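Student: When you get a sec, could you give me coordinates for this:
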Amino acid sequence: MKGSRGLAVVSRRHLLALLALCLLLLLGTNLLVQGPQSAVLPENGNAPQKQPLGIGVRIFLKRLFGDGYGQRCDRHAANRSVERQLPEATKFLDQRDPGRAAYFFVETSCNGLVNARQACAVESAALLHPDADVYLLLLSPPPELDVRRQNPSVANLMDGYRNVHVLYFNLVDYFKGGPLEQWFRSGALRASNFEQSHTSDAFRYYTLWKYGGTYMDLDIILLRSLSALTNFAGAESSEDIAAGVLNLERHSTLAMECVREIRDHFRGDDWGANGPGVITRTVQKLCGTENTQEMTFDRCKGRFQVMPPLDFYPIPWRQWRLYFNISSSNDTMRRLSKSRAIHVWNKFSAATPVQVGSRQPYGLLAAKFCPRVYAGCGATF
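Tutor: From the prediction side, this is the model:
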């Protein structure tokens, strides 16, 4: 018995050593072919750029260790447990009334959890568009998720707004039969250095092509109705179009061009190439200019318009702290008085608290435009 246990230990050690050796060989081959990785902070400050690992190496690592080489997350799997709690997105959306306006939000971390700030974005859309459908889609949430108990802010919205629909989806079914199915099956998305972000990018363009409507990031608060606007995005500057608020008509040529841009020119090594990069490149071709101030309906053949930074990105990312600063609150609120929305740059601001009842601009706007969520979030928003 003792000898068999010793043999088992040796076998396990040999197996682990063999796995480690295979991993080192794969990584070494990749480095010889592509050179060392580097990280550069881009001008827009959104995320570091990295030289790509080879696609086979990245898929191997993710399958061995999980997404991000640490967290287990399968964005591609179905989930029968959650199906008993929420409608499946494709079945639900395929039956929607195309005559009703639609607003889409997506959570792509796969943990199925939505915090109060994210729920605030959803509520602001539902509050300002009572006759529209507002969809919050959760990507491949875990089987053990109790949607309502673990998401009190979302449960609050489901109880308070008849036009809020919380759905779940997986990418295999969502892309099936569409123009991104073969691209998805190629493994390019799974191998991306920024899979969670790039999943959101592919989702927004495909969803707007298939169903039409408005996509919004979860770190937005709407301040005005968008009902009078169609076929638009917002500029961050005179050169950059953002994709945090984006409207496209169902099956429009422009929406299809954005989907093709994802399919044919996807970059897994570049954080922004598949989100803001897609709409920027597509609209520049359409409008024949790189200046966002010139991207009007007239210049863009009546097919699209780019709204000025004041509309959706009134405070640049470098100044994100203004949303939390009490001493400059009055000036900030005046600055936002003509905006249609705010974008609070969650990548930078997520850990900065808002004390409920304070004069912090973010809190003041939340109290007005997502009152149910704000009132129910406790002492800190």
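Student: Residues touching stretch 152-162, excluding its own?
Tutor: Contacts to stretch 152-162, defined as Cβ atoms under 8 Å, 6 or more residues apart in numbering, come from residues 114-116, 118-120, 122-123, 126-127, 134, 136, 147-149, 164, 166, 372-373, 376-377. C-betas here are computed from N, CA, C, even on glycine.
Student: Work out the gap between that stretch and the centre of the chain.
Tutor: 21 Å (Cα atoms, centre = their mean, to the nearest Å).
Student: what do you get for stretch 168-175?
Tutor: The chain centre lies 15 Å from the centre of stretch 168-175; the measure is Cα atoms, centre = their mean.
Student: Can you list the buried residues in it?
Tutor: Neighbour counts over stretch 168-175 (16 or more other Cβ atoms under 10 Å) mark 168-171, 174-175 as buried.
Student: And for stretch 184-204?
Tutor: So for stretch 184-204, counting by 16+ other Cβ under 10 Å, buried means 184, 188-204.
Student: Narrow those residues to those in helices?
Tutor: 184, 195-204 (DSSP state H).
Student: how about the residues you listed in a markdown table, adding distance to Gly275 and pLDDT?
Tutor: As requested, these are arranged in a markdown table below (distance: Cβ to Cβ, whole Å; pLDDT from 0 to 100):
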| residue | distance to Gly275 | pLDDT |
| --- | --- | --- |
| Phe184 | 17 | 97 |
| Glu195 | 13 | 95 |
| Gln196 | 12 | 94 |
| Ser197 | 7 | 95 |
| His198 | 8 | 97 |
| Thr199 | 11 | 97 |
| Ser200 | 7 | 97 |
| Asp201 | 4 | 98 |
| Ala202 | 9 | 98 |
| Phe203 | 10 | 98 |
| Arg204 | 8 | 98 |
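Student: With distance to Leu218 added, can I get the residues you listed in CSV?
Tutor: Below are these laid out as CSV (distance: Cβ to Cβ, whole Å):
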residue, distance to Leu218
Phe184, 23
Glu195, 17
Gln196, 12
Ser197, 12
His198, 16
Thr199, 14
Ser200, 9
Asp201, 14
Ala202, 17
Phe203, 12
Arg204, 12
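Student: ok, now which ones touch the closest residue to Phe203 other than its chain neighbours?
Tutor: Using Cβ to Cβ, 6 or more residues apart in numbering and skipping residues adjacent in sequence, the residue nearest Phe203 is Val106, 5.2 Å away. Going by Cβ under 8 Å, 6+ apart, Val106 touches 136-137, 139, 200, 203-204, 207, 215, 218.
Student: Tell me which helix or strand comes right after the helix or strand in which Val106 is found.
Tutor: Element membership for Val106 (DSSP states H and E) is strand 102-107. Downstream of strand 102-107, the next assigned helix or strand under DSSP H and E is helix 116-128.
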